[in-house]
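> When you get a sec, could you give me coordinates for this:
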Amino acid sequence: MTTKTKKFNFIILSIAVFMAFSFFGLSENIRGPTLPRIQADFGISEFQLGLLLAINSLGYLTGCSFTAALGRKIGIKNCLITALFVMALCGVAVFYAPNYIVLLLSFLFISIGMGMMEISLGVIAATIFKKRLGTMLNLSHFFYGAGSIFAPIAAIGIMSAHFDGQILTWRYVFLIILSCAFIPLIPALIGRLSKQTDNQKKSGYLALLKKPVLWMVIAVLSLGILCELGTGSWLIIYLERARSFSSENAALALTMFFVGFTLTRLLIGPLADKIGFVNTLVIVTGFTGFVLVTGVLLGNSGVPFIVATGIGVAPIYPTVMALIAKLFPDELDIAITVIVTIMGSFIVIANTLLGGLINQARVIFTEIYGEAGVGMAYSSGILFIGICGFGAFIAAIILRRKLKRNNQLM
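Residues are numbered from 1 along each chain as shown. As a prediction, this is how the structure comes out:
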């Protein structure tokens with residue numbers, strides 16, 4: 001491959017990665033606005049609606065778990081192509097779904113496709129962005145953030161649109177948005193990954209799991225992502241019920257959270273490359289724990305601190321992915337699969353425990369403090385998330401010490 005051809009191939013693959021990340025964020029965040037309409041259309045209960053959401057976690061973890069093995073057989077780029085194609089087909093399946101069971105299966109395969117995208121995009125991005133890895137991975141995840149911000153707007157816009165004298169239903173949201181998979185599919189088909197990249201010699205899963213550094217990376221990532229997802233999920237209800245915010249002001253606060261999140265991913269990459277990935281993780285996890293705990297303790301005046309959590313959590317995932325690429329270059333796909341799968345399992349369990357904690361705290365506090373106990377319960381949930389942020393900070397410090405002792409600090 002000539003230098004000119006290599007440059008063209010790099011550009012094509014970069015476009016595929018950026019487009020795929022945008023599609024990932026877009027497709028993952030269209031469910032929220034459609035759920036009330038899905039429930040009304042099929043007449044399903046809250047339990048069935050919860051099952052519909054739970055199946056997404058199951059499918060995602062399933063997709064993450066087998067993609068590395070599949071990639072060794074068909075190539076990691078072909079895993080991405082397969083995932084995009086499956087998700088596009090699922091858009092059609094959802095559109096024509098005659099009943100709840102078909103819808104449930106369609107959601108399962110959509111989330112399997114997302115899991116496959118998670119692993120394949122992580123491997124491809126870490127492979128092609130050899131220079132300025134931190135910058136490029138943060139930039140890649142900026143496109144995910146941009147897609148996430150646009151998703152609810154797009155979903156509501158589609159369901160408000162008129163065609164042939166009728167308002168489009170929620171089914172068109174899935175048909176139109178998931179059909180966008182064909183956009184990144186085109187450059188993915190054109191670009192080429194070297195055979196050496198797809199077929200590197202790799203150690204087994206068990207050998208990787210015996211490495212203490214791997215578990216420290218898992219701890220930083222899992223606790224950090226719990227802070228990201230927990231704050232994003234509980235912020236509005238916390239502001240409304242613990243801080244007496246109006247729905248509009250609470251929604252504005254969440255928007256500012258995502259704006260800070262997205263802009264940070266756009267801007268922090270060069271800093272991560274300059275000061276090192278591990279040092280970056282120590283700083284951002286410490287910041288995350290501090291602003292969350294301080295925000296709760298300060299009451300209403302601490303809300304800007306909690307909103308600023310978006311700045312702290314934004315670099316965690318892409319910086320960890322960059323670190324993995326440096327620490328495990330010969331078993332990159334396996335490392336990402338193991339770490340993301342364990343992280344995903346932890347998030348499912350932790351979210352369940354977090355919901356149980358808030359529910360139990362609500363029972364206890366309302367018995368003691370009456371109606372004020374409701375707000376205290378949600379405050380305890382945000383405080384728990386902040387403690388997890390400090391847990392990620394401690395894990396990052398331990399990781400830094402281990403890597404420094406092994407002369408692997410980067």
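> Just the buried positions in stretch 41-48, please.
Applying a neighbour-count criterion of 16 or more other C-beta atoms under 10 Å, one finds residue 44 buried in stretch 41-48. Where C-beta positions appear, they are placed from N, C-alpha and C, glycine not excepted.
> Show me the domain layout of the chain.
3-192, 206-405 (automatic domain parsing).
> With mean pLDDT as extra columns, can I get those domains in CSV?
Output for the domains of the chain, formatted as CSV (pLDDT from 0 to 100):
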stretch, mean pLDDT
domain 3-192, 90
domain 206-405, 91
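> mind checking how far residue 335 is from residue 116?
17 Å (C-beta to C-beta, to the nearest Å).
> got it, and residue 179?
18 Å.
> Looking at those two, which one has more neighbours?
residue 116 (28 against 15; other C-beta atoms under 10 Å).
> The more buried one reaches residue 81, doesn't it?
No: Residue 116 is beyond contact range of residue 81, at 9.9 Å (criterion: C-beta atoms under 8 Å).
> can you give me the helices for the stretch 251-400 of the chain?
269-275, 277-297, 303-307, 309-313, 316-327, 332-369, 372-405 (DSSP state H, counting those that start in this stretch).
> which stretch of helix or strand covers the residue lying closest to residue 346 once chain neighbours are set aside?
Spatial nearest neighbour of residue 346, chain neighbours left out: residue 222 (4.3 Å); criterion: C-beta to C-beta, 6 or more residues apart in numbering. Using DSSP states H and E, residue 222 sits within helix 212-242.
> check contacts around the nearest residue to residue 15 once chain neighbours are set aside.
In space, and not counting its chain neighbours, residue 15 is closest to residue 187: 4.7 Å by C-beta to C-beta, 6+ apart. The contact partners of residue 187, by C-beta atoms under 8 Å, 6 or more residues apart in numbering, come to 12-13, 15-16, 19.
> Now residue 187, what are its backbone angles?
phi -70, psi -30 (degrees, to the nearest 10).
> circling back: go through the helices of the stretch 251-400 of the chain and pick out the most buried.
Comparing the helices of the stretch 251-400 of the chain by mean neighbour count (mean count of other C-beta atoms under 10 Å), helix 309-313 comes out on top with a mean of 26.
> which secondary structure elements does that helix contact?
helix 212-242, helix 247-267, helix 277-297 (3 or more C-beta pairs under 8 Å, 6 or more residues apart in numbering; DSSP states H and E).
> Check whether residue 136 really touches residue 125, as I assumed.
Yes: counting by C-beta under 8 Å, residue 136 touches residue 125, with 7.1 Å between them.
> Give the residue from the two that has the larger number of neighbours.
Neighbour totals were compared for residue 136 and residue 125, and residue 125 leads with 26 against 22 (other C-beta under 10 Å).
> For the more buried one, grab phi and psi.
Torsion angles, degrees, to the nearest 10, at residue 125: phi -60, psi -50.
> For it, give me its contacts.
Contacts of residue 125 (C-beta under 8 Å, 6+ apart): 17, 136-137, 140, 321.
> Closest one of those residues to residue 229?
The closest of the contacts of residue 125 to residue 229 turns out to be residue 321 (C-beta to C-beta; 16.6 Å).
> Restricting the selection to alpha carbons, write stretch 250-263 to PDB.
This file holds the C-alpha atoms of stretch 250-263, laid out as PDB (Å, rounded to 0.1, in the frame of the first residue of the first chain):
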ATOM      1  CA  ALA A 250     -34.400  20.600  35.700                       C
ATOM      2  CA  ALA A 251     -34.300  19.700  32.000                       C
ATOM      3  CA  LEU A 252     -32.100  22.800  31.400                       C
ATOM      4  CA  ALA A 253     -29.700  21.600  34.100                       C
ATOM      5  CA  LEU A 254     -29.500  18.100  32.400                       C
ATOM      6  CA  THR A 255     -28.900  19.800  29.000                       C
ATOM      7  CA  MET A 256     -26.000  21.800  30.600                       C
ATOM      8  CA  PHE A 257     -24.600  18.600  32.000                       C
ATOM      9  CA  PHE A 258     -24.500  17.100  28.500                       C
ATOM     10  CA  VAL A 259     -23.100  20.300  27.000                       C
ATOM     11  CA  GLY A 260     -20.200  20.300  29.400                       C
ATOM     12  CA  PHE A 261     -19.800  16.500  28.800                       C
ATOM     13  CA  THR A 262     -19.600  16.900  25.000                       C
ATOM     14  CA  LEU A 263     -17.400  20.000  24.900                       C
END
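> got the buried residues for that stretch?
250, 253-254, 257-258, 260-262.
> Taking helix 247-267 as reference, get the angle to the helix holding residue 222.
Helix 212-242 runs at 150 degrees relative to helix 247-267, counting by axes from the mean of the first three to the mean of the last three C-alpha atoms, to 10 degrees.
> for the stretch 1-150 of the chain, what spans make up the helices?
Using DSSP H, counting those that start in this stretch, helices in the stretch 1-150 of the chain cover 3-28, 31-42, 46-74, 76-95, 100-128, 133-160.
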